[in-house]
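> pasting the structure only:
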């Protein structure tokens, strides 16, 4: 158990809808990362937050947004969903704002299916 | 451009065989970090090892060993005497400062699925 909690574990929705994925980082970790894992794209970095502030941005679509709250949990909002958004969304956390200093602790992921 | 290449999509072995998972990376940074993560069937990625670009010493941890060679831009992972519990997807990752704007966000390879048969 990594200590990173993601909810929901599974989510099925329809095209055009909006969903919110939630992540609670490991106790004491200030940095949260969101990754998308799909069969065709592999594991893609979306966005990083550190202590409430956006730190780094990757291949995140404009339809997607995220935030980190004062209690350090983070939410990833996906809107106007398309079939291609179906994927496993991972949250990871670390103590440091700089990812190389140590390992990332990953949650079990939220599997999103868009029908 | 792909930064981390794991050419082996899937490897199937029988228990007790040794297996090597290949990882080739591409970077222009002189300072970078390489990682291996394991993704068991339960889904979450589990950290295995981190190596910086200035440390080319090979590392051994139990049945696991890693061979880092800057000359060939490779960071290969060997499991000795494989076990069924080693069945998982293994990811190699690269952290660079320049590509990530200084934040060293890891870029992952596509992963290698290892299946160990009893």
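Structure's in. What do you need? Not measured: the values here are computed from a predicted model. Residues are numbered from 1 along each chain as shown, chains lettered A, B, ... in the order given.
> By mean pLDDT, which helix or strand of chain B comes out lowest?
Lowest by mean pLDDT, DSSP states H and E among the helices and strands of chain B is strand B:59-61, with a mean of 87.
> How about that one, which residues are buried there?
Across strand B:59-61, burial judged by 16 or more other Cβ atoms under 10 Å in any protein chain shown covers no residue at all. Using the backbone N, CA and C atoms, a C-beta is placed for each residue, glycine as well.
> Flag every residue of chain B that's near chain A.
Contacts of chain B with chain A, taken as Cβ under 8 Å from any Cβ of the partner chain, map to B:33, B:35, B:37, B:42-47, B:50, B:52, B:91, B:95, B:100-111.
> what about residue 104, how many neighbours?
No chain in the question, so chain A it is. Residue A:104 sits with 24 neighbouring residues when counted by other Cβ atoms under 10 Å in any protein chain shown.
> Wait, chain B was what I had in mind.
Residues lying near residue B:104 (other Cβ under 10 Å) number 23.
> Was I right to think it contacts residue B:33?
Yes. Counting by Cβ atoms under 8 Å, residue B:33 is a contact partner of residue B:104 at 6.7 Å.
> Counting by contacts, list what the helix or strand harbouring residue A:45 packs against.
Using DSSP states H and E, residue A:45 sits within strand A:42-50. Packing partners of strand A:42-50 (3 or more Cβ pairs under 8 Å, 6 or more residues apart in numbering or on different chains; DSSP states H and E): strand A:31-38, strand A:53-57, strand A:64-68, strand A:74-78, strand B:107-108.
> Of the ones you listed, give the one that comes closest to residue B:23.
For these, proximity to residue B:23 was assessed by Cβ to Cβ; strand B:107-108 is nearest, at 10.5 Å.
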